[in-house]
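*Asks:* sharing a sequence plus its predicted fold:
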Amino acid sequence: MRMSRVAGAVLTLLVGLGLSGCRSTADTIFFGDNIVTMDPDQPTVEAVAVLGETIVAAGARGDVMAFRGDATRVVDLGDHALLPGFIDSHSHYTGAGAEGLDLDPPPVGDVGSIDDLVRKVKQWIVDYNIPPGEIVSGGGYDDAVMKEGRHPTKFDLDRISTEHLIIVSHVSGHLRALNSAALEASNITAATEDPPGGHIRRITGSMEPDGVLEETAGRLVVRRPSPPKTPEEEQAEFDALVRRATQVYNGYGVTTIQLGGSTSPERIRALRAVAAREPLNADVAVYSSARGILDDSVRYERTYTNGVRVAAVKMFLDGSPQGRTAWVTEPYVEGPPGAPADYVSYPTMEPDTLKALVTQVIRKGVPVSVHCNGDAASDVFLDGVEEAISGMDPKPDHRSVIIHAQIMREDQMDRVARLGLVPSFFSSHVFFWGDWHRRSFGEERASNISATGWARDRGVRYTIHTDAMVVPPNMMRALSITVNRKTRSGHVLGPHQRATVMEALKALTIDAAYQYFEEDTKGSITVGKQADLVILGENPLTADPAGLEDIPIVQTFSRGRSVYRR
């Protein structure tokens, strides 16, 4: 009997793997009416079979059931939907495993005012019996939704304690607030000058620090060394952190995760040691520092080992729009306290240095991504990429990534299309800070943050991310915000920039795989690809768009193994 196209492809795959003679039955077969493959050549199928780490069949139920054996687990999806596992295109992986003082506002946390923050930090000191003289730190506060509409100053934090060193971080991670004791311990005084790429906020009419530090000024903070630990103890702590973080991402349907800082060679070695002891329950794409790649202490890799690979270089060029430190070309409508009328913020790295590094990294054949929130930062990065590839023949498929790509102009998207970059949008800004950005940048610029519509109109492949742990790696929430573009107040911000559900799903799956140069192995339910899958409580393509965020993650599979079950 003549085999179907799917069965023939499966047989070819099995022979290629050397498995056809010893094991021709699938481990798991899924079937149902809501399988969304994200494969344009086969967008919907009735069943999917998995053998080991690989998808070995996808097609008509009768064809796929031919690979059922006595030990095959058969899953009737019912009303649930099966999709490729979500791919995180930018976040800070290990932050999800950190256990500490959470100062996030709703809907993530419960700190809606400076009084809430003071109360919560005070209670933390009591609960953990922290002695005077010790550091007390927490993170996640957000002046954009604080009742007072401002950052906590040293005067607010002194209400908590004048004997403990209080250090709290802004939700963006780009600003910190210190009490008087922490400022004194760090020797930050009226005589301390702003460091390059940073700013010490001052009390109005004086040079006295008010306790808030922007960008690189945070590096001035002196943290007392922790009690010494053995290398074995440090590695065990890091192992636990990594395992916790992986569980968090798996719970949101994520099967490829990014460690998205400029990761040091030492941190990469520690992560490899964790994975060598027991392979990770997801693939982790590490973004290295430029230093590590250029001095060959870190090597770019095309494949994963135990779930880890060095996938790109990451650099930072500006700050955050929610912290009002994004570097823009047109002045802020409402800037930070005391800012002049022509305030546009500043770069956190010397632009010429950034462009030179971009050229070196691209010409070494390594993908590069740069944190650019404001359009002034994006101008520099675009110039750097253009200079890097101008003398190269043939032009490389570099897929350089603009991380965040928030306050971009339409002409910049034209350059993105021409130069072959990938914008990775932090679409969750629309909900979390859309109302704040309307105040900061005015209605027109705010309505064009996370400009997925402009990208679509130009045929630009883009991704969307959560920047966890700025916000949790909740992919269904990111999907919903990208599609609906509603702010906290319910305002629809830039309806022309809304994506369809299918476009947003592509940004979380096949186009995210493209960003990583992994589209041949991930991002769709296609025969021969890695069996990274997620079962959702409902098909997002047929669900009410207003309820996308509420669709639950039922089960997550990484490399064919179940790693999360609701």
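*Replies:* All right, it came through fine. Not measured: the values here are computed from a predicted model.

*Asks:* so residue 310 belongs to a strand, correct?
*Replies:* Yes: the assignment for residue 310 (DSSP: H, G, I helix; E, B strand; the rest coil) places it in a strand.

*Asks:* and for it, the neighbour number?
*Replies:* If you count neighbours by other C-beta atoms under 10 Å, residue 310 ends up with 22. Yep, even glycine has a C-beta here, placed from its N, CA and C like the rest.

*Asks:* and what of the one 3 residues further on?
*Replies:* For residue 313, the number of neighbouring residues by other C-beta under 10 Å comes to 29.

*Asks:* residue contacts, it?
*Replies:* 262, 287, 288, 289, 290, 293, 357, 361, 366, 367, 368, 369 (C-beta atoms under 8 Å, 6 or more residues apart in numbering).

*Asks:* could you find the closest non-adjacent residue to the first one?
*Replies:* The one in question is residue 262. Sequence neighbours aside, residue 289 is the residue nearest to residue 262 in space, at 4.0 Å (criterion: C-beta to C-beta, 6 or more residues apart in numbering).

*Asks:* state the pLDDT value of that neighbour.
*Replies:* What the model reports as pLDDT for residue 289 is 94.

*Asks:* kindly report the same for residue 20.
*Replies:* Looking at residue 20, its pLDDT reads 41.

*Asks:* on that earlier part again, neighbours of the residue nearest to residue 262, just the number please.
*Replies:* By other C-beta under 10 Å, 20 other residues sit near residue 289.

*Asks:* can you tell me the SS state at the residue lying closest to residue 556 once chain neighbours are set aside?
*Replies:* Nearest residue to residue 556 in three dimensions, chain neighbours excluded: residue 564, at 4.0 Å (C-beta to C-beta, 6+ apart). Under three-state DSSP, the three-state class of residue 564 is strand.

*Asks:* doesn't residue 248 make contact with residue 564?
*Replies:* No: counting by C-beta atoms under 8 Å, residue 564 stays clear of residue 248, with 9.7 Å between them.

*Asks:* more neighbours, those two?
*Replies:* Using other C-beta under 10 Å, the more surrounded residue of residue 564 and residue 248 is residue 564, with 24 against 19.

*Asks:* quick one, what contacts the more buried one?
*Replies:* Contact analysis of residue 564 by C-beta under 8 Å, 6+ apart lists 247, 250, 251, 253, 553, 555, 556.

*Asks:* ok, the third one to residue 538 distance?
*Replies:* I take that to be residue 251. 17 Å (C-beta to C-beta, to the nearest Å).

*Asks:* which residues does residue 65 contact?
*Replies:* Contacts of residue 65 by C-beta under 8 Å, 6+ apart are 29, 31, 47.

*Asks:* could you find the closest non-adjacent residue to the second one?
*Replies:* Spelled out, that is residue 31. Ranked by C-beta to C-beta, 6+ apart and with sequence neighbours excluded, the top spatial neighbour of residue 31 is residue 47, at 4.0 Å.

*Asks:* is it true that that neighbour touches residue 55?
*Replies:* No: between residue 47 and residue 55 there is no contact, the gap being 11.2 Å when judged by C-beta under 8 Å.

*Asks:* return the distance of the residue nearest to residue 31 relative to residue 529.
*Replies:* Separation of residue 47 from residue 529 (C-beta to C-beta) stands at 16 Å.

*Asks:* neighbour count: those two, which is higher?
*Replies:* residue 47 (26 against 22).

*Asks:* three-state assignment of the more buried one?
*Replies:* Under the three-state scheme (three-state DSSP), residue 47 adopts strand.

*Asks:* do the same with residue 57
*Replies:* With three-state DSSP as the criterion, residue 57 reads strand.

*Asks:* contacts only, for the nearest residue to it once chain neighbours are set aside.
*Replies:* The shortest distance from residue 57 to any non-neighbouring residue, by C-beta to C-beta, 6+ apart, is to residue 49 (3.8 Å). Neighbouring residues of residue 49 by C-beta under 8 Å, 6+ apart: 10, 26, 28, 29, 30, 55, 56, 57, 58, 64, 67.

*Asks:* run through the helices of the stretch 401-550 of the chain in chain order.
*Replies:* Under the criterion DSSP state H, counting those that start in this stretch, helices of the stretch 401-550 of the chain are mapped to 410-419, 429-447, 452-457, 475-484, 501-508, 510-515.

*Asks:* kindly report the same for the stretch 201-350 of the chain.
*Replies:* For the stretch 201-350 of the chain, the helices defined by DSSP H, counting those that start in this stretch occupy 231-251, 265-277, 290-294.

*Asks:* what comes into contact with the shortest one?
*Replies:* Applying C-beta under 8 Å, 6+ apart, the external contacts of helix 290-294 come out as 262-265, 268, 297-300, 310, 313, 315, 357, 360-361, 364, 366, 368.

*Asks:* just for this structure, where's the confidence low?
*Replies:* The model of the chain has pLDDT under 70 over residues 1-23, 225-226.

*Asks:* what domains does the record give for it?
*Replies:* 5-78, 99-220 (automatic domain parsing).

*Asks:* can you redo those domains as CSV with distance to residue 272?
*Replies:* Shown next, in CSV, are the domains of the chain (distance: least, C-beta to C-beta, whole Å):
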stretch, distance to residue 272
domain 5-78, 20
domain 99-220, 23
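
*Asks:* so which of these gets nearest residue 85?
*Replies:* domain 5-78 (10.6 Å; C-beta to C-beta).

*Asks:* next, count neighbours for residue 255.
*Replies:* Residues lying near residue 255 (other C-beta under 10 Å) number 27.

*Asks:* scratch that, residue 406
*Replies:* Number of residues near residue 406 (other C-beta under 10 Å) recorded here: 32.

*Asks:* residues contacting it?
*Replies:* For residue 406, the contacting residues are 321, 326, 373, 374, 425, 426, 429, 449, 450, by C-beta under 8 Å, 6+ apart.

*Asks:* could you measure from it over to residue 239?
*Replies:* Distance of residue 406 to residue 239, computed by C-beta to C-beta: 35 Å.

*Asks:* for residue 258, same thing?
*Replies:* To residue 239, residue 258 is 19 Å away according to C-beta to C-beta.

*Asks:* how about the nearest residue to residue 83, chain neighbours excluded?
*Replies:* Among residues not flanking residue 83 along the chain, residue 36 sits closest, at 4.9 Å (C-beta to C-beta, 6+ apart).
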